[in-house]
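[1] All I have is the shape, not the residue letters:
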């Protein structure tokens with residue numbers, strides 16, 4: 001066969017194939033038997049194979065006129081209005097959407113040719129309105145938990161077939177939804193930590209910032225913390241106040257609430273209910289008791305830790321090295337009334353002042369400061385007249401007077417306790433004793449010793465006392481010594497011309513008498 005013959009045969013064959021195909025297409029274009037052939041569009045064969053049409057026409061035997069009003073609109077897309085005829089329940093419970101993303105039946109159910117039905121993840125791989133993008137369970141069949149047109153729409157699947165973790169204690173509260181208390185089915189597992197405060201707002205609010213998130217102490221699904229041992233994971237072991245004697249002090253949790261450890265100072269009252277403390281407006285026992293002292297032997301801070309202005313040490317706030325606790329009872333810091341306070345140490349003195357009305361108030365002599373008392377105010381502060389009239393040597397009142405009772409000391413009842421050299425003078429027998437001529441201080445008694453003539457009148461003086469040149473008593477007499485009549489006394493001033501008279505005689509009074 002020639003080339004020309006072959007070409008002609010090929011052309012004839014091709015024409016035959018086209019004719020056959022055309023004949024077949026005419027048959028398919030004619031469409032279902034209930035549709036007039038003239039109304040069937042050429043695209044019918046293509047749309048006929050779509051998933052939506054296959055499901056409705058082949059499986060459910062829905063006629064074209066069931067959805068299309070072809071006499072009015074032909075085969076124009078009818079939209080979702082026909083769906084309600086058969087799917088009233090589903091239309092009443094449509095798939096969720098919002099103002100931004102509209103959803104209707106045709107969003108998920110495909111009737112166009114050459115299109116696959118969309119999967120949930122094809123939309124939800126990214127954020128959709130208020131819904132976050134699906135992170136967890138993205139490869140799990142959504143229908144296992146979601147009923148698109150069901151009521152309720154979400155029926156979560158039990159987690160345990162896939163997840164061995166469980167938290168029975170945490171899920172034991174009333175109204176628990178199990179895993180969903182903390183976990184969102186599509187959020188990353190780590191997002192569950194942000195949900196703790198939704199139930200534990202109080203604990204979260206008081207939790208110190210340094211404690212970070214809840215997982216610092218709580219293991220996921222094992223929510224009971226590890227007790228005091230978990231504290232040591234971050235806080236090294238510390239010396240604790242009286243831990244060797246108080247078992248309760250060994251555990252951190254006795255004083256530190258796990259979610260509010262900063263309130264430990266107030267926890268003392270929980271155990272020590274019998275102790276009432278109000279010191280300087282501070283009720284916390286830790287004001288004086290360091291809960292974690294550097295020195296384990298430290299039981300209480302020194303008072304001068306706070307009260308340095310009162311004393312330099314705990315034994316210098318009052319005279320004589322008295323410790324603060326001698327006057328201040330631990331936990332009851334207000335000292336008793338001064339009268340009661342002083343008698344604790346000064347019983348003798350306070351009993352003596354009871355005998356002396358003017359000395360009854362200790363502060364009158366020792367000042368108003370209990371912590372820095374005056375040793376003793378000068379007696380002249382009250383006894384100014386006595387002080388100013390006391391002769392030299394009598395200025396120290398306490399030389400004669402007991403300071404608290406004011407009474408004379410035993411050694412001051414007679415003047416000779418100090419003036420022993422005056423004890424046996426010529427005036428020893430004078431009625432009234434020393435006070436006849438002297439006073440220890442004013443205002444009573446003679447301010448100065450009276451003259452000799454007060455008692456020794458000239459008319460009463462015997463023998464040579466009556467000689468006019470013997471009128472000056474002091475030339476021969478002193479108040480507290482025997483009269484002088486030796487040669488030197490007589491011949492030095494007055495009788496110089498008799499200096500060599502009877503040189504062997506020592507006293508003149510042997511011949512020249514002054515007494516009868």
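    Looks like it came in fine. Being a predicted model, the structure only gives us computed values, none of them experimental. Numbering: from 1, shown residues only.

[2] can you list the weak-confidence ranges in this structure?
    1-36, 38, 225-229, 280-283, 339 (pLDDT under 70).

[3] quick one, domains of it?
    Following automatic domain parsing, one finds the domains of the chain at 17-94+104-116, 332-389+396-406, 414-450, 451-516.

[4] Save those as CSV, and put in mean neighbour count and distance to residue 288 too.
    Bear in mind the C-beta positions are built from the backbone N, C-alpha and C, glycine included. Shown next, in CSV, are these (neighbours: other C-beta atoms under 10 Å; distance: least, C-beta to C-beta, whole Å):
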stretch, mean neighbour count, distance to residue 288
domain 17-94+104-116, 13, 70
domain 332-389+396-406, 14, 10
domain 414-450, 14, 52
domain 451-516, 12, 66
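
[5] can you list the ones you listed in JSON lines and add distance to residue 266?
    Formatted as JSON lines, those follow (distance: least, C-beta to C-beta, whole Å):
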{"stretch": "domain 17-94+104-116", "distance to residue 266": "56"}
{"stretch": "domain 332-389+396-406", "distance to residue 266": "19"}
{"stretch": "domain 414-450", "distance to residue 266": "64"}
{"stretch": "domain 451-516", "distance to residue 266": "80"}
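
[6] Mind checking those domains for the one nearest to residue 193?
    domain 17-94+104-116 (34.3 Å; C-beta to C-beta).

[7] Run through the residues that contact residue 118.
    Residues near residue 118 by C-beta atoms under 8 Å, 6 or more residues apart in numbering: 107, 108, 110.

[8] Could you measure from the last one over to residue 153?
    Pointing back at residue 110 there. As judged by C-beta to C-beta, to the nearest Å, residue 110 and residue 153 stand 22 Å apart.

[9] now swap in the first one and tell me
    Using C-beta to C-beta, one obtains 16 Å as the distance from residue 107 to residue 153.

[10] same check, this time on the second one
    Counting by C-beta to C-beta, the gap between residue 108 and residue 153 amounts to 14 Å.

[11] How about the contacts made by the residue nearest the centre of the chain?
    Closest residue to the average C-alpha location of the chain: residue 265 at 6.0 Å, with C-alpha atoms, centre = their mean. By C-beta under 8 Å, 6+ apart, residue 265 lies in contact with 284, 285, 286.

[12] Which one (most neighbours) among those?
    Greatest neighbour count in the contacts of residue 265, by other C-beta atoms under 10 Å, goes to residue 285: 20 neighbours.

[13] Enumerate every residue touching the residue lying closest to residue 76 once chain neighbours are set aside.
    Leaving aside its sequence neighbours, residue 76 sits nearest to residue 68 (C-beta to C-beta, 6 or more residues apart in numbering; 7.7 Å). Residue 68 sits next to 74, 75, 76, 78 when contact means C-beta under 8 Å, 6+ apart.

[14] do you know how far residue 68 is from residue 272?
    Separation of residue 68 from residue 272 (C-beta to C-beta) stands at 88 Å.

[15] Same check on residue 172?
    Noted for residue 172: a distance of 35 Å to residue 272, by C-beta to C-beta.

[16] which ones are touching residue 272?
    Contacts of residue 272 (C-beta under 8 Å, 6+ apart): residue 285.

[17] Phi first, then psi, for it.
    phi -100, psi 60 (degrees, to the nearest 10).

[18] Setting aside sequence neighbours, what's the nearest residue to residue 455?
    Nearest one to residue 455, counting by C-beta to C-beta, 6+ apart, is residue 430 at 7.8 Å.

[19] In terms of helix, strand or coil, where does that neighbour fall?
    The three-state assignment at residue 430 reads coil, by DSSP: H, G, I helix; E, B strand; the rest coil.

[20] pretty sure it is in contact with residue 438, am I right?
    No. Counting by C-beta atoms under 8 Å, residue 430 stays clear of residue 438, with 11.2 Å between them.

[21] mind checking how far the spatially closest residue to residue 259 that is not a sequence neighbour is from residue 151?
    Once flanking residues are discounted, residue 259 sits nearest to residue 203: 3.8 Å by C-beta to C-beta, 6+ apart. Computed with C-beta to C-beta, the distance linking residue 203 and residue 151 is 37 Å.

[22] again with residue 338
    In terms of C-beta to C-beta, residue 338 sits 85 Å off from residue 151.

[23] Kindly report the same for residue 185.
    19 Å.

[24] who has more neighbours, those two?
    Comparing residue 185 with residue 151 by neighbour count (other C-beta under 10 Å), the higher total belongs to residue 185, at 16 against 9.

[25] helix/strand/coil for the more buried one?
    Assigned by three-state DSSP, the conformation of residue 185 is coil.

[26] contacting residues for it?
    By C-beta under 8 Å, 6+ apart, the contact list for residue 185 reads 136, 137, 145, 156.

[27] For the last one, the count of nearby residues, please.
    For residue 156, the neighbour count with other C-beta under 10 Å is 14.

[28] Same question for the first one.
    In terms of burial, residue 136 registers 14 neighbours under the definition other C-beta under 10 Å.

[29] From what I see, it and residue 188 are in contact.
    Yes. Using C-beta under 8 Å, residue 136 makes contact with residue 188 at a distance of 6.3 Å.

[30] The nearest residue to residue 111 once chain neighbours are set aside sits in which helix or strand?
    Closest residue to residue 111 apart from its sequence neighbours, by C-beta to C-beta, 6+ apart: residue 52 at 3.5 Å. Taking DSSP states H and E as the criterion, residue 52 maps to helix 51-53.

[31] what's the spacing between that helix and its chain's center?
    73 Å (C-alpha atoms, centre = their mean, to the nearest Å).

[32] Likewise for stretch 491-511?
    Centroid separation for stretch 491-511 versus its chain: 101 Å, with C-alpha atoms, centre = their mean.

[33] ok, residues contacting it?
    By C-beta under 8 Å, 6+ apart, stretch 491-511 touches 469, 475, 485, 486, 487, 490.

[34] Need the nearest residue in space to the last one, chain neighbours excluded.
    Translated: residue 490. Per C-beta to C-beta, 6+ apart, closest to residue 490 is residue 508, 4.7 Å.

[35] From residue 347, how far out is the closest residue to residue 403 other than its chain neighbours?
    Closest residue to residue 403 apart from its sequence neighbours, by C-beta to C-beta, 6+ apart: residue 376 at 6.4 Å. Between residue 376 and residue 347 the distance is 18 Å, computed by C-beta to C-beta.
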